[in-house]
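K.L.:
sequence first, predicted model second:
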Protein chains: 2
Amino acid sequence: MRILVLGGDGYLGWPTAMHFSRRGDDVFVVDDFTRRACHTERGTDSLTPVSSLMDRVAAWRQIAGRDIGYEVLDICDFPKLRALMKDFQPDTIIHYGEIPSAPYSMIDRDHAWETQRNNVEGTLNVLFAMREVAPHAHLVKLGTMGEYGTPNIDIEEGYIDIEHNGRTDRLPFPKLPGSFYHLSKVHDTHNIHFACRIWGMRATDLNQGVVYGIHTDDTEVDDRLLTRFDYDEIFGTALNRFCVQAVIGHPITVYGSGHQTRGFLNIRDTIQCIELATRNPAGAGEMRVFNQFTQTFSVMQLAEEVVEAARHLGYNATLSRVDNPRVELEEHYYNPTHTGLLDLGLEPRLLSEELIETVLHTVERFKDRVNPRAIDPATRWR
Amino acid sequence: MRILVLGGDGYLGWPTAMHFSRRGDDVFVVDDFTRRACHTERGTDSLTPVSSLMDRVAAWRQIAGRDIGYEVLDICDFPKLRALMKDFQPDTIIHYGEIPSAPYSMIDRDHAWETQRNNVEGTLNVLFAMREVAPHAHLVKLGTMGEYGTPNIDIEEGYIDIEHNGRTDRLPFPKLPGSFYHLSKVHDTHNIHFACRIWGMRATDLNQGVVYGIHTDDTEVDDRLLTRFDYDEIFGTALNRFCVQAVIGHPITVYGSGHQTRGFLNIRDTIQCIELATRNPAGAGEMRVFNQFTQTFSVMQLAEEVVEAARHLGYNATLSRVDNPRVELEEHYYNPTHTGLLDLGLEPRLLSEELIETVLHTVERFKDRVNPRAIDPATRWR
């Protein structure tokens, strides 16, 4: 297949590009390094030293003997995106090309709008470019479980059958997003749904949980193929952040009660899910939605798992509850459905102490790169 | 009260400004003339000759003896908007300041994005400016019934109680918007809801039906106080457009079967609703939603009413079904709730032949200004 990876320089994008390339697909990567620029702005960086995209592609050619095409391109530049898609003629467009941080979007008005502008305009451009030059391609778009928030009912996969006053309809699942970033994904979802309904496009919207882990089969082969690993308060996510804290002797910071429960998955399962969605495309006119995670944990549970694993490696890790910088329910019901990808054949790699130890060992290798200033929460919702 | 009217140069904005000014409120109008510029771009114009904002304000001072303050300001310019709001300290912000056309948003990618950018960025700026300099003000925001689309269940006012697998929650009503414009309003609604939830803001989201009519108590006093009246395929709405077609001898163009059913209201009732929402503000932290219309009609019913009224005035009006340029259900269930504003005291002026005749008479006065090229639908959804 011809696979276009938007945001192919990122945490998930680069491993995705290598994965499909290794499988023999024709892969083309687009990125404008927004994530790297955001880190430069915040004075932070990936824990792992990340090669430039050019060096990654060269290393991949040397190691795997396969070419990954690439272009440095902002997908908000519509004429350039359209020209690229016309030229490459993708079968599948895997769209990671968005600013991915809730705290970043909550810094102030400029960051809120920049997140929404970048994400919504980019996705709108993808839809219009598909319509004009690749109408049969399948869009695989990364959304987030955070679009749903924490309603008091079971969360279905994108749609819900509602019976009301004796009539029924299957309608988009109501959304309670928790940041301007999560809102940008909700806006995307509505725009994509509309494009599918009126233009007959095919799309899969993947409402992904929190991804953890540092390695895929390809990243662990050679340091030049490493993917990024964020641990700072802006871009780091729960488990990854906790592992860095444990190794550098910083208390593991749990926001609020820690009873907030979320869906999680291993980075290797992200790749598996993306592959399943890609090999089993949505039908014409369909926006198919999957909830992409394998397990739910409370933040406190995760923190305790990291403490336990770290102690086995000789680290005297401690927990520290800090004032919750976010506005979110700390005690809530949470039972999201996630059967769609399992039905397609997903075989989850559940969280294990072994996985946490692998992450901890990798963190150890790069711990001199940690900037302790960047760990405590500084961005507040109120 | 101190009332800030965003988009105060428009069809509804200008009559709203005069209405509150006459009632003794301190009114300040903001506009950047986007609507006038869009008309210039499309080579169209209001049927009624519309004075400049400066001349309107001067005429109002002369006729009503009251001052309406104004500033030519793009609300997408955040520092300027914030400075203005800090200075004026509004009690109520009535927000009409958006590009209001579904067809305009469907012209191409640039118009789709310009509509979403302008509307979403402007509203986001209003929210951040309120948070920073007017946190106790009440936002009265114009949405549209078109956010809901035509689901197969009764449409509630903004929220719906869902029972699912034995649990219940009151959640945002699912949305099926029918154009990139309608989508922009859905995006706004989600952003506003979030701001109310996390910052404790007060907002009323008015999901308005299609407005018809040409006069309010203030516009009919003097031609310099007239409001705009759009009849073209881009900005004209059903009944107003039909009246112009009847007077100039153009067949009344019904899109598709004409069985599409929508909520409608008289422009005078828009003013009444805005007043009711303003005098009875939402609570802190609440995004209150009202469905703002007084009657539902099918497009065909409306067209037939215009034919009938026009015949009584001696016009041989005819109906013409044209291919529907939009993608929308032409046969559908439609039963939206609209009790919230009635409960606040709304006394609807229902559609009458007399009202249609009044519109027809005003159209007659200005019929030499009609550009026949602008009437037939040229903008297509597919």
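P.N.:
The structure has been received and is ready for your questions.
K.L.:
quick one: the helix or strand hosting residue A:244 to chain centroid distance?
P.N.:
Residue A:244 belongs to helix A:238-248 when assigned by DSSP states H and E. Mean-position distance between helix A:238-248 and its chain equals 18 Å (Cα atoms, centre = their mean, to the nearest Å).
K.L.:
pLDDT of it, averaged?
P.N.:
Averaged across helix A:238-248, the pLDDT comes to 95.
K.L.:
quick check: which helices or strands does it pack against?
P.N.:
If you count contacts as 3 or more Cβ pairs under 8 Å, 6 or more residues apart in numbering or on different chains; DSSP states H and E, helix A:238-248 packs onto strand A:210-212, strand A:252-255, strand A:261-266, helix A:299-312, helix A:353-365. Where C-beta positions appear, they are placed from N, C-alpha and C, glycine not excepted.
K.L.:
okay, how far is it across stretch A:220-230, tip to tip?
P.N.:
17 Å (Cα to Cα, to the nearest Å).
K.L.:
what comes up buried for that stretch?
P.N.:
A:221, A:224-230 (16 or more other Cβ atoms under 10 Å in any protein chain shown).
K.L.:
could you list the residues in contact with that stretch?
P.N.:
Identification of contacts with stretch A:220-230 by Cβ atoms under 8 Å, 6 or more residues apart in numbering or on different chains yields A:10-12, A:14-15, A:18, A:35, A:39, A:44, A:46-51, A:55-56, A:59-60, A:63, A:214, A:216, A:218-219, A:236-237, A:240, A:267, A:362.
K.L.:
can you show me the strands along chain A?
P.N.:
Assigned by DSSP state E, the strands in chain A fall at A:2-6, A:26-31, A:69-72, A:92-95, A:138-144, A:159-164, A:167-172, A:202-208, A:210-212, A:252-255, A:261-266, A:287-292, A:295-298, A:319-322.
K.L.:
neighbouring strands - and their directions - for the fourth one?
P.N.:
This means strand A:92-95. Strand A:92-95 has its sheet partners listed here by DSSP bridges as strand A:2-6 (parallel), strand A:138-144 (parallel).
K.L.:
mean neighbour count added to those strands, as CSV?
P.N.:
Shown next, in CSV, are those (neighbours: other Cβ atoms under 10 Å in any protein chain shown):
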stretch, mean neighbour count
strand A:2-6, 26
strand A:138-144, 26
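K.L.:
save these as TSV, and put in mean pLDDT too.
P.N.:
Below are the strands paired with strand A:92-95 laid out as TSV (pLDDT from 0 to 100):
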stretch	mean pLDDT
strand A:2-6	98
strand A:138-144	98
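K.L.:
so which of those strands gets nearest residue A:295?
P.N.:
Residue A:295 sits nearest to strand A:138-144 of all the strands paired with strand A:92-95, at 16.3 Å, using Cβ to Cβ.
K.L.:
mind checking how far that closest one is from the chain centre?
P.N.:
Between the centre of strand A:138-144 and the centre of its chain there are 10 Å (Cα atoms, centre = their mean).
K.L.:
and what of stretch A:272-281?
P.N.:
15 Å.
K.L.:
cool, stretch A:2-16 as well?
P.N.:
Counting by Cα atoms, centre = their mean, stretch A:2-16 is centred 11 Å from the centre of its parent chain.
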